[in-house]
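Student: below are the sequence and a predicted model; questions follow.
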Amino acid sequence: MAKNELESTFEAISDWISIIDIEGRILRSNRMGEKVLNIPMIEIIGRKCWELVHGTVEPLPDCPFLKMLESRERESLEIHS
């Protein structure tokens, strides 16, 4: 039951939330990722976050992923379209 509740909560969040591995690959994304990026989930999972967000092959200097590796704290990025 707890797993179902967690899954429902993850999907109900109105912001794009992703679980990213140590290499920057997206392991899991809520459905809002499809809306934000305008691509299907199958094209999100396994890709590096900076490829999808910035269209780059490497993270940008102020990348929240790099900041998180350094700070060991949660980091975020606001995207305005």
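Tutor: Alright, I've got the coordinates.

Student: drop to CA atoms for contacts and neighbour counts, all remaining ones
Tutor: Will do.

Student: what about the residue positioned nearest the centre of the chain? Give its phi and psi, please.
Tutor: In the chain, the centroid-proximal residue (CA atoms, centre = their mean) is Ser18; its distance is 3.2 Å. Taking degrees, to the nearest 10, you get phi -130, psi 150 for the backbone angles of Ser18.

Student: partners of it in the sheet?
Tutor: Note on Ser18: beta-bridge partners Ser29, judged by DSSP bridges.

Student: show me what contacts it?
Tutor: By CA atoms under 8 Å, 6 or more residues apart in numbering, the residues touching Ser18 are Ile26, Leu27, Arg28, Ser29, Asn30, Gly33.

Student: which residues touch Phe65?
Tutor: Gly24, Pro59, Glu75.

Student: how far does the longest helix anywhere in the chain sit from its chain's centre?
Tutor: If you go by DSSP state H, the chain has its longest helix at helix 2-12. Distance, stretch centre to chain centre, for helix 2-12: 17 Å (CA atoms, centre = their mean, to the nearest Å).

Student: which among the contacts of Ser18 gets closest to Cys49?
Tutor: Ile26 (6.3 Å; CA to CA).

Student: how many residues are close by the closest one?
Tutor: Around Ile26 there are 18 other residues, counting by other CA atoms under 10 Å.

Student: what about the helices in this structure?
Tutor: So, for the chain - with DSSP H - the helices run 2-12, 32-37, 49-54, 64-71.

Student: so for the last one, what gets flagged as buried?
Tutor: Using 16 or more other CA atoms under 10 Å as the test for burial, helix 64-71 gives Pro64, Phe65, Leu66.

Student: quick check: the first one touching Ser76?
Tutor: Spelled out, that is Pro64. Yes - at 5.7 Å, Pro64 and Ser76 qualify as touching, with contact defined as CA atoms under 8 Å.

Student: quick one: low-confidence residue ranges for this protein.
Tutor: For the chain, residues meeting the criterion pLDDT under 70 lie at 1, 79-81.

Student: now stretch 36-49: buried residues?
Tutor: Met41, Ile44, Ile45, Lys48, Cys49.

Student: pull the CA atoms of it into PDB?
Tutor: Only the C-alpha atoms of stretch 36-49 are listed here, as PDB (Å, rounded to 0.1, in the frame of the first residue of the first chain):
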ATOM      1  CA  VAL A  36       7.600  20.200 -19.800                       C
ATOM      2  CA  LEU A  37       9.800  18.600 -22.400                       C
ATOM      3  CA  ASN A  38       7.000  17.900 -24.900                       C
ATOM      4  CA  ILE A  39       8.400  14.400 -25.600                       C
ATOM      5  CA  PRO A  40       7.200  10.900 -24.500                       C
ATOM      6  CA  MET A  41       8.400   9.200 -21.400                       C
ATOM      7  CA  ILE A  42      10.300   6.600 -23.400                       C
ATOM      8  CA  GLU A  43      12.600   9.400 -24.700                       C
ATOM      9  CA  ILE A  44      13.200  10.800 -21.200                       C
ATOM     10  CA  ILE A  45      14.200   7.700 -19.300                       C
ATOM     11  CA  GLY A  46      17.900   6.900 -19.700                       C
ATOM     12  CA  ARG A  47      18.900  10.300 -21.100                       C
ATOM     13  CA  LYS A  48      21.100  12.800 -19.300                       C
ATOM     14  CA  CYS A  49      19.200  15.600 -17.700                       C
END
